[in-house]
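Novice: Below is the sequence, then the predicted model.
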Amino acid sequence: MDRTAQDGTAGTMKPRSRAQGPNSDASGDGHQETLADLGEWELIRRLGAFAPPGQFADDAALLNLPGGGSAGDGPALVVNTDVLVEGIHFSDSTTAAADVGWRAAAANLSDLAAMGCSEVVGITVALVAPAATPWAWVEGVYGGLREALETYGGVLLGGDCSGGAQRLLAITAIGRLALSATAPGSGPIRRGDGRPGDRLVCTGPHGLSRLGLALLQGQIGAETLDPALVQRAIAAHQRPVPRFDAVRALMASRPAAAPWRVGGCDSSDGLAAAAAAIAASSGCSARLDRRRLPLDPAMASLPQAQAWGLGGGEDFELVLALAPAWAEALIAALPGTTPIGELVAGEAGALGWMGGEAWSAGDGEGAASSGYSHFSGGVSGWGGSRKTRENASPKADCLKMGTKIGKWTFPSRPSAPSVWS
């Protein structure tokens, strides 16, 4: 999931002086800042001060090990971490134990794919649970984890366990990225590698997972929809698919003699959020094509379709910024891939519509207007109601609107490999 932060570059936010200390009274009124005061995005921006510059700028960390990828003569490691908390990321009412395990693995593996990872090494899992937790639930979760690993590669490498007040899973995933000397068709995917003139493409439909959640929570009656759409939507929510196949197609479709340069991330926090993240990190603006939003045709007539397609989250597709010829080749090679817009010169992170139509606060609702933020009590949007984390995307959205509609507070192009899942 996606975290991006870089000290001193996060839009309109101003860094606190290090001399103030962790419990400083920044306002002068005697109130000590809390996480609720900061919000998730500002918290992560401040945590970035403890890491090398640019370290929190991508979907995962790219580690160039001695004798490996640092000289371009071997595979580099890709490392990602996610935390899933009961009542925030999953609940018994919508997700069986095996599906909790599958989704936990898939969310991490999607971040590996979003970095261009070609091989999964494995995962470590830390489990926190109350003593009264049934063994059958734990067994189901680990069975789901194993099923995902058997499908996409890798093994359970180890982990830890502890008692606690609520169920929690902390997962670290490790993969390999084959660099150019050993695999000439490949390289990393970085959020900041987009350029003006690049085409924006995504690898599959959006909004299905949010529809699946609405069905599971009884917000929409299944009897009103095509049964096949109901099945696809619930499967998209409970059993997401990390798009390693799209990475392989990306490598295979690279035009001859074209340099490896791919901007991108996964869309777990929403399609609009992904486009904004790529644009901001690349120092560009993004323009989306309203006529070509990647919606499942069977859900396109729903009144929520555009909002959920842009901001529903949990779709786990790849959103990529590619030179036009490469974009066309990928679209031809990978069924379901859709051109959705372009990067243009302009204010970093600004969103708009192709044809000159301005982005408005209602475009995308959810993640595209206010988004979910940990420590603030929930997410506004989707009709104005406040949602629990179970209604938002499965990774911690640190996305917030800036001072202008369509301006997102993401860092500029990263200067170093990064980690924050």
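Specialist: Here it is on my side, so go on.

Novice: the strands in the chain, which residues?
Specialist: Shown for the chain, the strands assigned by DSSP state E span residues 61-63, 76-85, 119-129, 155-163, 168-177, 199-202, 263-266, 285-288, 318-322, 338-344, 351-353, 372-373, 378-379.

Novice: As CSV, the ones you listed with distance to Ala276, mean pLDDT and mean neighbour count would be great.
Specialist: Just so you know, the C-beta spots here come from the backbone N, C-alpha and C atoms, and that holds for glycine as well. Shown next, in CSV, are the strands of the chain (distance: least, C-beta to C-beta, whole Å; pLDDT from 0 to 100; neighbours: other C-beta atoms under 10 Å):
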stretch, distance to Ala276, mean pLDDT, mean neighbour count
strand 61-63, 22, 85, 20
strand 76-85, 21, 92, 22
strand 119-129, 28, 97, 19
strand 155-163, 34, 97, 12
strand 168-177, 25, 95, 23
strand 199-202, 11, 98, 26
strand 263-266, 10, 96, 29
strand 285-288, 6, 97, 26
strand 318-322, 10, 98, 30
strand 338-344, 11, 98, 21
strand 351-353, 5, 96, 22
strand 372-373, 15, 51, 25
strand 378-379, 17, 42, 21
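
Novice: between those, which gets nearest to Gly39?
Specialist: strand 372-373 (5.0 Å; C-beta to C-beta).

Novice: Would you mind saying which of the strands of the chain lies nearest Ala275?
Specialist: Of all those, strand 285-288 comes closest under C-beta to C-beta, at 4.4 Å.

Novice: Around Ser93, how many other residues sit close by?
Specialist: Neighbour count for Ser93, taken as other C-beta atoms under 10 Å: 9.

Novice: same thing with the one 3 residues further on?
Specialist: The local packing count at Ala96 equals 15, with neighbours defined by other C-beta under 10 Å.

Novice: okay, now the domains of this protein?
Specialist: Listed domain ranges for the chain are 59-183, 189-414 (source: automatic domain parsing).

Novice: Where among those domains is average confidence lowest?
Specialist: Least confident of the domains of the chain, judged by mean pLDDT, is domain 189-414 with a mean of 82.

Novice: from the middle of its chain, how far away would that one be?
Specialist: 9 Å (C-alpha atoms, centre = their mean, to the nearest Å).

Novice: right, and Ala104 touches Leu145 too?
Specialist: Yes. Between Ala104 and Leu145 there is a contact at 6.5 Å, judged by C-beta atoms under 8 Å.

Novice: Pull up the overlap in contacts between the two.
Specialist: Common neighbours of Ala104 and Leu145, using C-beta atoms under 8 Å, 6 or more residues apart in numbering, are Val125.

Novice: Ends of stretch 211-224, what's the gap?
Specialist: End-to-end distance of stretch 211-224 (C-alpha to C-alpha, to the nearest Å): 13 Å.

Novice: Buried residues of that stretch, list them for me.
Specialist: Using 16 or more other C-beta atoms under 10 Å as the test for burial, stretch 211-224 gives 211-216, 220.

Novice: For stretch 215-229, give the distance from the opening residue to the closing one.
Specialist: Length of stretch 215-229, first residue to last, C-alpha to C-alpha: 11 Å.

Novice: what comes into contact with it?
Specialist: Residues outside stretch 215-229 that contact it (C-beta under 8 Å, 6+ apart) are 93-94, 211, 214, 230, 233-234, 237, 296, 298-299, 391.

Novice: out of the residues you listed, which one sits closest to Pro130?
Specialist: Using C-beta to C-beta, the contacts of stretch 215-229 come closest to Pro130 at Ser93, 17.8 Å.

Novice: mind checking the backbone torsions on that closest one?
Specialist: phi -70, psi -20 (degrees, to the nearest 10).

Novice: quick one, what contacts it?
Specialist: Counting by C-beta under 8 Å, 6+ apart, Ser93 touches 216-217.

Novice: Number the residues from 13 up from this point.
Specialist: Okay, residue one is now 13; in that scheme the one you just asked about reads as Ser105.

Novice: how close does it sit to Gln229?
Specialist: Distance, Ser105 to Gln229, using C-beta to C-beta, to the nearest Å: 7 Å.

Novice: Could you do Arg255 as well?
Specialist: The spacing between Arg255 and Gln229, counted by C-beta to C-beta, is 26 Å.

Novice: before we move on, what about Leu124?
Specialist: Computed as C-beta to C-beta, the Leu124 to Gln229 distance reads 30 Å.

Novice: How about Arg303?
Specialist: In terms of C-beta to C-beta, Arg303 sits 31 Å off from Gln229.

Novice: Gln318 too?
Specialist: 20 Å.

Novice: same thing with Leu314?
Specialist: 15 Å.

Novice: next one: Ala291
Specialist: On the measure of C-beta to C-beta, Ala291 and Gln229 end up 32 Å apart.

Novice: Kindly report the same for Met127.
Specialist: From Met127 to Gln229 the distance is 32 Å (C-beta to C-beta).

Novice: swap in Val91?
Specialist: Separation of Val91 from Gln229 (C-beta to C-beta): 34 Å.

Novice: what about the residue nearest to Pro267 when sequence neighbours are not counted, neighbour count?
Specialist: Using C-beta to C-beta, 6 or more residues apart in numbering and skipping residues adjacent in sequence, the residue nearest Pro267 is Ala337, 5.1 Å away. Ala337 has 13 neighbours, counted by other C-beta under 10 Å.

Novice: surely Ala337 meets Ala269?
Specialist: No. Using C-beta under 8 Å, Ala337 is not in contact with Ala269, being 10.8 Å away.

Novice: quick revisit: between the domains of the chain, which one is nearest to Leu50?
Specialist: Closest among the domains of the chain, using C-beta to C-beta: domain 201-426, at 7.0 Å.

Novice: burial count for Pro347?
Specialist: Pro347: 9 surrounding residues under other C-beta under 10 Å.

Novice: who's Ala333 bridged to?
Specialist: Beta-bridge partners recorded for Ala333 (DSSP bridges): Leu212, Gly275.

Novice: With only the CA atoms kept, save stretch 96-116 in CSV.
Specialist: The C-alpha trace of stretch 96-116 is given here as CSV (Å, rounded to 0.1, in the frame of the first residue of the first chain):
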residue,chain,number,x,y,z
LEU,A,96,-4.2,-5.4,8.7
VAL,A,97,-6.2,-4.7,11.8
GLU,A,98,-9.6,-6.2,12.7
GLY,A,99,-12.4,-3.8,12.4
ILE,A,100,-10.3,-1.5,10.2
HIS,A,101,-9.1,-3.7,7.3
PHE,A,102,-11.3,-6.8,7.8
SER,A,103,-14.4,-8.1,9.7
ASP,A,104,-16.1,-11.4,10.1
SER,A,105,-19.2,-10.0,8.6
THR,A,106,-17.7,-9.7,5.1
THR,A,107,-14.5,-11.8,5.1
ALA,A,108,-14.1,-15.5,6.0
ALA,A,109,-10.8,-16.4,7.7
ALA,A,110,-9.3,-18.0,4.5
ASP,A,111,-10.2,-14.8,2.6
VAL,A,112,-8.5,-12.6,5.2
GLY,A,113,-5.3,-14.6,4.6
TRP,A,114,-5.6,-14.5,0.9
ARG,A,115,-6.3,-10.7,0.8
ALA,A,116,-3.4,-10.1,3.3
